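> What would the 3D arrangement of this be:
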Amino acid sequence: MSASDQGTILVTGGAGYIGSHVVKLLGERGEKVVVLDDLSTGNRDAVLFGELVEGNTGDAALVSKLLQEHNIQTVMHFAAHTIVPESVTDPLKYYRNNTAATRTLLECCQHAGVANFIFSSTAATYGIPEDASKPCSEELPTAPINPYGMSKLMSEHMLKDLSAACDMKHVILRYFNVAGCDPDGKIGQSTKNATLLIKVASEVAVGKREQLTVFGTDYPTEDGTGVRDYIHVSDLAGAHLAALDYLRSGGQSTLVNCGYGKGYSVRQVIDSVNRNHGSDIKVIEEPRRAGDPPALTAAVDKIHATFDWTPQYDDLDIIVKTSLAWEEKLLDREKTGQHAA
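Residues are numbered from 1 along each chain as shown. Okay, the predicted model is just below:
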């Protein structure tokens, strides 16, 4: 059976950074896709396949209409606010968009008989691990320390409870640090005022920002800076297709981490940016931020045991090179007045 015979997929937030990379892979293998995005942070030009519908996942009438008209069998849910500091200063914005809107989406899916639901979650659900020297396993207790992480964890619980009450199966993917851009250079990370380290460092390298701030150089790590598990966005997108294939082949509802199972420090990231850019970026050092763990890496045994998924870009230099190439492309587009995907 071809991909197009497996039913249409609704991708919420499919014009955003991660969602657009998933839509690209879905389209390239012939899947039928409908994208729902309010374009508050997403980009219309990033949707390379399928139909784009402008709207919000909290709009029950619109969501129900799309599910019925397109006979949606699978929903991939990315639409969310994701800036941790903003979630602290404006928590209700996050509970409205990330939690309440997800509840509305799930209710619509239940009424429409959607078979499969793949949810974009986050390692922020773990909070600060008791032993940061060990990778986070899926069995680790969840203890979010900010409204962003809590809003996602609440959605996880709703999804699990609903799946237990009806026939819908789900996969929850807990992302670690997503980075890099489409190796083909067609789409990338275009969010304004982004806070992701590799994105910001790449913007400094091409001259869009003056400097990179390193928060904390006295952590109990090898070089004193925080260590994180960085996963290339295209590998993460591939994990979503693997999750889709798993559910379609009769897999049971599950939750898995998405990472490489190893970490890089902030200094290692800066060294890679300097090396691949050809000159050193300006860096200033500030004290630690409250709530930042010394290290956060993923235990990845479960994702490899559960899905047919083999990362293609598991290399820091590759991640950085694709990010730098995208920033150069964005810079050229800005100079010529073109839109950015």
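
> Quick check, Arg288 in contact with Pro220.
No. Arg288 lies out of contact with Pro220 (CB atoms under 8 Å); the separation is 11.6 Å. (C-beta placed from N, C-alpha, C; glycine too.)

> Looking at these two, which is more packed in?
Remark: of Arg288 and Pro220, Arg288 carries more neighbours, 13 against 9, as counted by other CB atoms under 10 Å.

> Now do the buried residues in the helix or strand harbouring Glu285.
Here Glu285, judged by DSSP states H and E, is contained in strand 283-286. Going by neighbour count (16 or more other CB atoms under 10 Å), the buried part of strand 283-286 is Val283.

> Starting from that strand, tell me which strands it pairs with and how they run.
Applying DSSP bridges, strand 283-286 is found paired with strand 212-215 (parallel).

> Average pLDDT for the strand it pairs with, rounded please.
In this model, strand 212-215 carries a mean pLDDT of 97.

> same question, stretch 80-87
91.

> okay, it in PDB with CA atoms only?
Taking Å, rounded to 0.1, in the frame of the first residue of the first chain, the C-alpha atoms of stretch 80-87 are listed here in PDB:
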ATOM      1  CA  ALA A  80       2.800  25.400  20.600                       C
ATOM      2  CA  HIS A  81       4.600  28.300  22.200                       C
ATOM      3  CA  THR A  82       8.100  27.300  23.200                       C
ATOM      4  CA  ILE A  83      10.000  30.100  24.800                       C
ATOM      5  CA  VAL A  84      10.800  29.100  28.400                       C
ATOM      6  CA  PRO A  85      11.400  32.600  29.900                       C
ATOM      7  CA  GLU A  86       8.200  33.900  28.300                       C
ATOM      8  CA  SER A  87       6.300  31.000  29.900                       C
END
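
> from now on call the first residue 21
Will do, 21 is the new start, and the previous item becomes stretch 100-107.

> Which parts of this structure are strands?
Remark: strands assigned in the chain by DSSP state E are 28-32, 53-57, 71-74, 92-97, 136-142, 189-195, 197-199, 232-235, 247-248, 250-252, 274-278, 284-285, 303-306, 315-316.

> separation between the closest residue to Leu182 other than its chain neighbours and Pro203?
Spatial nearest neighbour of Leu182, chain neighbours left out: Leu126 (5.4 Å); criterion: CB to CB, 6 or more residues apart in numbering. Leu126 sits 34 Å away from Pro203, going by CB to CB, to the nearest Å.
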